[in-house]
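Student: Dropping a prediction and its sequence here:
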Amino acid sequence: MFLSTKFLGATVYMWGHILASLLVIVFCCRYFKNFRIDSEKAFLLAVSIVPFAISAILITRNFDNTNGAFNWVRAVVFIPVVIYMLAIALDMSFARTMDFLAPCAALHHGVAHFFCIFAGCCQGYPSTFGIWNVKQHDYLFPVQLFESATSLLVFWYMVRYAKKKNYELHGISYAQYLLLFGLTRTFWEFFRDNTEVRWQISIFQYYSFAAFVLGLIWLCIVVYLRKHPEFVEKHKILLRDDVGELTRIKMFLRKRNI
C-alpha cells in the first residue's frame, strides 16, 4: 500500500482519479464523432463533466455517516441531473448526450477504483489469498480489483453495443449502465467489509439497488417509446433526440405561446 506516498502533492490514490479523468476526456474526444456531436460542444462537455461529477459525489457524501467520502455509488443516480443542466447550457440533446457519456462513467469507475488498493479503502474481508492492507494489518480479499475489472467489462460491452446499433440508442445507454452497475455493485458489496445497517445489507447496497431500479424503470420507458412511435410523434417536441435541450425548451414555450 502507498497510503502516504505523494507525487506533486497528490497521493497515488488521487493520481488514479486524475488518470481516470484524463482517460475519460481522451475517450470523449475520440468517441463524439460516432454520435454526430459538434466537436466544440463535445470538448466542453468532456472538460465540464469531471468537476460537475466530483461536485455531485462530494454533495451526496452527506447522505449518510459511513466511510468512503469520495464514493461514486452515492452519486450515480444523480449524474443525469448534472448532464441535463450541461445539456441545456450547451444546447445538446439529453438522450444523445447520455448515450455518449454512459461508457465514460464505466471507464472512470473501472480505472479509478483500481487505485483503492493503494489507498487501503473499500477493503474486502480477511482472506488467506488476499492482499496485505496496511490500515487493517491483515490480508484482505481484493474486491476492489474485481469491481474494477467488472466496470471495465461493462465499458467494453457498452462501446460494442453502441457500435452494433450504429450509435442510434435513443437514451438506452445510461439505463443499461445503471442496470449493470447496480447489479454488479450490489453483488460485490457482499465481499466488502462494510458496516451492516439492516438485514445484513450495507448502506452502499441500498444505493446500488436504487441505481438498478432506476435503470430498470428508465429501460422500460425507452422500450415503451420504441414500441409506440405514435406516442413519440404526438409528443415529438419533448421526445425527439435530434435537437438540443435549450432549443427544445424554446420550441415548447413558443408552441404554448409563453
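Tutor: Looks like it arrived, so ask away. Please read all numbers here as calculations on a predicted model, not as lab measurements.

Student: For the stretch 51-200 of the chain, give me the ranges with low pLDDT.
Tutor: The stretch 51-200 of the chain contains residues with pLDDT under 70 at 61-72, 195-200.

Student: quick one: the helices in it?
Tutor: If DSSP state H, counting those that start in this stretch is used as the criterion, the helices of the stretch 51-200 of the chain fall at 72-75, 79-90, 94-114, 116-119, 143-164, 172-188.

Student: Reformat those as TSV; add mean neighbour count and distance to residue 219.
Tutor: Quick note: C-beta positions are derived from backbone N, CA and C, even for glycine. Formatted as TSV, these follow (neighbours: other Cβ atoms under 10 Å; distance: least, Cβ to Cβ, whole Å):
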stretch	mean neighbour count	distance to residue 219
helix 72-75	23	19
helix 79-90	18	13
helix 94-114	24	12
helix 116-119	20	29
helix 143-164	18	13
helix 172-188	23	4
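
Student: Looking at those, which is nearest to residue 208?
Tutor: Residue 208 sits nearest to helix 172-188 of all those, at 4.0 Å, using Cβ to Cβ.

Student: So which other helices or strands are in contact with the closest one?
Tutor: With contacts defined as 3 or more Cβ pairs under 8 Å, 6 or more residues apart in numbering; DSSP states H and E, the packing partners of helix 172-188 are helix 94-114, helix 143-164, helix 203-227.

Student: Could you tell me how far stretch 20-35 lies from the centre of the chain?
Tutor: Here stretch 20-35 is found 14 Å from its chain centre; the criterion is Cα atoms, centre = their mean, to the nearest Å.

Student: what does that stretch contact?
Tutor: 39, 42-43, 45-47, 49-50, 96, 99-101, 103-104, 107-112, 162-163, 167 (Cβ atoms under 8 Å, 6 or more residues apart in numbering).

Student: one more time with 7 Å
Tutor: Applying Cβ atoms under 7 Å, 6 or more residues apart in numbering, the contact partners of stretch 20-35 are 39, 42-43, 46-47, 50, 96, 99-100, 104, 107-108, 111-112, 167.

Student: now stretch 222-236
Tutor: Applying Cβ under 7 Å, 6+ apart, the contact partners of stretch 222-236 are 170, 171, 172, 175, 239.

Student: Kindly reformat these as TSV and extend each row with distance to residue 92.
Tutor: Conversion of those to TSV gives the following (distance: Cβ to Cβ, whole Å):
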residue	distance to residue 92
170	15
171	13
172	17
175	18
239	16
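
Student: now, which of the residues you listed sits nearest residue 154?
Tutor: The closest of the contacts of stretch 222-236 to residue 154 turns out to be residue 175 (Cβ to Cβ; 12.8 Å).

Student: so how far is residue 29 from the closest one?
Tutor: Going from residue 175 to residue 29 by Cβ to Cβ, to the nearest Å gives 25 Å.
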